[in-house]
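Asks: build me a model from this:
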Amino acid sequence: MSLPTPTHGHLYCRTLYVAEDAAELVTVEYDELGAVTAARAALEPDAPLLHEDAGSNVATDRTFSFGPVEQRFRDAAHVVTGRYDFPRYSSVPMECYSVIAQWNEGDGGPSVEAWANFHGPFSMVR
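Replies: Have a look, this model is predicted:
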């Protein structure tokens, strides 16, 4: 019987007993991190950062508007405002999201051609 080749971060033992003995020698120390349990609280300036390198808990911020939105609100007979919170939601797609892209060097300069099964390509463009 051949044993798998150890890879980065993985060790293999020849028997369960050796593994159990080795596990008793392991000490794990945790640094307690702050927790945020609501999305709006995660936006506060003093909220713990999920990824410090990002500098913010905002993953993306996109605003779409079409036409003179502010003017339409001023002209409206009634305007209803409110603050709405939604619980955390995770969906499981039946099909995977994918993008295939090809870099092109052309006479007009470099470009990227992308094919995607995403139905909102306007939000992919930067």
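
Asks: and the helices in this protein?
Replies: Along the chain, counting by DSSP state H, helices occupy 16-24, 39-42, 69-75.

Asks: comparing the ones you listed, which comes out most buried?
Replies: Ranked by mean neighbour count under mean count of other C-beta atoms under 10 Å, those are led by helix 39-42, which reaches a mean of 13. Any C-beta I mention is one placed from the backbone N, CA and C, and that applies to glycine too.

Asks: tell me the contacts of A47?
Replies: Counting by C-beta atoms under 8 Å, 6 or more residues apart in numbering, A47 makes contact with 34, 36, 41, 57.

Asks: rerun that using 6 Å as the cut-off
Replies: Each residue near A47 by C-beta atoms under 6 Å, 6 or more residues apart in numbering is listed here: V36.

Asks: just V36 next, same as before
Replies: Residues counted as contacts of V36 (C-beta under 6 Å, 6+ apart) are 42, 47.

Asks: the residue nearest to the spatial centre of the chain and F86, how far apart?
Replies: Taking C-alpha atoms, centre = their mean, the centroid of the chain lies closest to A59, which sits 6.6 Å from it. Between A59 and F86 the computed distance is 16 Å (C-beta to C-beta, to the nearest Å).

Asks: any stretches of this structure with poor pLDDT?
Replies: Across the chain, the ranges flagged by pLDDT under 70 are 1-11, 92-94, 119-126.
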